[in-house]
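In: Next input, structure requested:
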Amino acid sequence: MFEFFILSLVGGILGLFLLYAIISTAVRDGIDKSVVGQHIREKQLGENHRK
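Out: Now for the predicted structure:
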């Protein structure tokens, strides 16, 4: 019974980490592909070249 609890806990933590990685990647890709994200990226690149 105790082994099942530990295995479930480790599996849950790994599952949450995997879900976090997938969602953060999807959000980052979505922002980069959006019009607003592209505008912000161009603005940041322009400010970096001026320095």
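In: elements contacting the helix or strand harbouring Glu42?
Out: Glu42 belongs to helix 35-50 when assigned by DSSP states H and E. Under the contact definition 3 or more CB pairs under 8 Å, 6 or more residues apart in numbering; DSSP states H and E, helix 35-50 sits against helix 2-33. Yep, even glycine has a C-beta here, placed from its N, CA and C like the rest.
In: Tell me which other helices or strands the helix it packs on touches.
Out: helix 35-50.
In: pLDDT averaged over the helix it packs on, what's the number?
Out: Per-residue pLDDT values over helix 35-50 give a mean of 77.
In: how far away is the most centrally placed residue in the chain from Leu18?
Out: Nearest residue to the geometric centre of the chain (CA atoms, centre = their mean): Ser24, 1.7 Å. As judged by CB to CB, to the nearest Å, Ser24 and Leu18 stand 11 Å apart.
In: Phe5 now?
Out: Noted for Phe5: a distance of 20 Å to Leu18, by CB to CB.
In: Could you do Gly30 as well?
Out: Per CB to CB, Gly30 is found 19 Å from Leu18.
In: can you check Lys43 too?
Out: Distance from Lys43 to Leu18, by CB to CB: 33 Å.
In: Run a quick check on Arg41 versus Asp32, I expect a contact.
Out: Yes. Because the distance of 6.9 Å satisfies CB atoms under 8 Å, Arg41 is recorded as touching Asp32.
In: okay, now the residue lying closest to Gly30 once chain neighbours are set aside: neighbour count?
Out: Leaving aside its sequence neighbours, Gly30 sits nearest to Gly37 (CB to CB, 6 or more residues apart in numbering; 7.8 Å). For Gly37, the count of nearby residues is 14 (other CB atoms under 10 Å).
In: do Val10 as well
Out: 10.
In: Could you measure from it over to Ala21?
Out: Distance from Val10 to Ala21, by CB to CB: 17 Å.
In: From the chain's centroid, how far away is stretch 23-40?
Out: For stretch 23-40, the separation from the chain centroid amounts to 11 Å (computed by CA atoms, centre = their mean, to the nearest Å).
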